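**Student:** Here is a sequence with its predicted model. Questions after.
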Amino acid sequence: MNKKVYLIMPILVLTMLLLCSCAFIRYPMNKEKCGLTVNDRITVSYNEHDYVIINERLDAEEIGAWIGVVNKNISGVMFASVYTDKKNADMINISINDAFFRAIATDKLLDEMSLFELDAYQAYQAGVQTVSIDESNALQLLFNGNTYAVTDRQIARSDLGAFVCSIARSLTCDADTGRIIPKDEALAVDWDGSLKQNRRLLNYGNVYWAKNTDDLAVGINGEFRIAAKQ
């Protein structure tokens, strides 16, 4: 009797392990294998459509349903799972390392959208120089103990100096005061016209030095603007 138990137990354990491994194998196979193309912009292929990854970060609770996998490591940056976008049918979401970014259908890409840049994200992940947004005034940047005021002066890419960092943050602020408007307030319907702020949507991207100056050049809504040192 004991010999039979000793013989049966390993078989049961092996069977359970095989069943578990098969379950793990089948689950990802229910998701589409998505392609990844890296050139001047990074494109994800899903459901016979191409989507360009943009520099718009999402919180975990903002992503949609899991629909595909990329699972490709590019120079230490892992492009992993693909999700639906809860708000826009022309977009998908993709996990990159420990963050989530939006990708938009190539034919819907707008000039003002900031592209996800691999080199910039690698520098950001490595903790290279950090520029932060002043939480009391979204139109001011803080860097190395100095304050930089974001202006409306545009700067050409040819006038960009050394790369500093990537902010990769989207927010809405009062254009007059720079006050950051919380998401629930920004999405609230102005039924009685009481919300009178001159609101401004800011999609912050990469930050560079402006050549031959002490100012910064910051990507906002797909354009580079001077952030003047105060």
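**Tutor:** It's in. Quick caveat, the model's predicted, so the values are computed rather than measured.

**Student:** make it CA atoms for all contacts and neighbour counts henceforth
**Tutor:** Will do.

**Student:** Select the helix or strand of the chain having the lowest average pLDDT value.
**Tutor:** Between all helices and strands in the chain, the lowest mean by mean pLDDT, DSSP states H and E belongs to helix 2-29, at a mean of 51.

**Student:** Tell me the helix or strand right after it.
**Tutor:** Next along the chain after helix 2-29, taking DSSP states H and E as the criterion, comes strand 32-33.

**Student:** what residues does that following strand touch?
**Tutor:** Identification of contacts with strand 32-33 by C-alpha atoms under 8 Å, 6 or more residues apart in numbering yields 46, 47, 67, 68, 69, 70.

**Student:** The first one: how many residues sit nearby?
**Tutor:** What that stands for is residue 46. 20 (other C-alpha atoms under 10 Å).

**Student:** contacting residues for the residue nearest to it when sequence neighbours are not counted?
**Tutor:** Using C-alpha to C-alpha, 6 or more residues apart in numbering and skipping residues adjacent in sequence, the residue nearest residue 46 is residue 34, 5.3 Å away. For residue 34, the contacting residues are 44, 45, 46, 68, 69, 70, by C-alpha under 8 Å, 6+ apart.

**Student:** go on, residue 92?
**Tutor:** Counted by C-alpha under 8 Å, 6+ apart, residue 92 has contacts 51, 82, 83, 84, 85, 102, 103, 104.

**Student:** wait, which of the residues you listed is closest to residue 126?
**Tutor:** Nearest to residue 126 out of the contacts of residue 92 is residue 102 (C-alpha to C-alpha; 21.6 Å).

**Student:** bridging residues for the closest residue in space to that closest one that isn't next to it in sequence?
**Tutor:** Nearest residue to residue 102, sequence neighbours excluded (C-alpha to C-alpha, 6+ apart): residue 93, at 4.5 Å. Counting by DSSP bridges, residue 93 is bridged to residue 83, residue 102.

**Student:** my read: residue 93 touches residue 87, true?
**Tutor:** No. The criterion here is C-alpha atoms under 8 Å, and residue 93 misses it with residue 87 at 10.7 Å.

**Student:** Tell me which of these two has more neighbours.
**Tutor:** A side-by-side neighbour count of residue 93 and residue 87, using other C-alpha under 10 Å, places residue 93 first with 29 against 11.

**Student:** State the phi and psi torsions of residue 65.
**Tutor:** phi -80, psi 150 (degrees, to the nearest 10).

**Student:** what residue ranges in this protein score low on pLDDT?
**Tutor:** In the predicted model, the chain carries pLDDT under 70 at residues 1-29, 124, 127-129, 189-197.

**Student:** Please repeat the previous calculation with a cut-off of 80.
**Tutor:** Scanning the chain for pLDDT under 80 picks out the ranges 1-29, 111-114, 119-120, 122-129, 162-163, 184-197.

**Student:** report the longest strand in it, please.
**Tutor:** With secondary structure taken from DSSP state E, the chain has its longest strand at strand 160-174.

**Student:** what helices or strands is the next helix or strand after it leaning on?
**Tutor:** Downstream of strand 160-174, the first helix or strand assigned by DSSP H and E is strand 180-181. Judged by 3 or more C-alpha pairs under 8 Å, 6 or more residues apart in numbering; DSSP states H and E, the packing partners of strand 180-181 are strand 160-174.

**Student:** What are the contacting residues of the strand it packs on?
**Tutor:** Residues contacting strand 160-174 (C-alpha under 8 Å, 6+ apart): 55-57, 120-121, 123-124, 128-132, 138, 179-183, 186, 197-211, 217.

**Student:** If anything else comes up later, I'll come back, but that's it for now.
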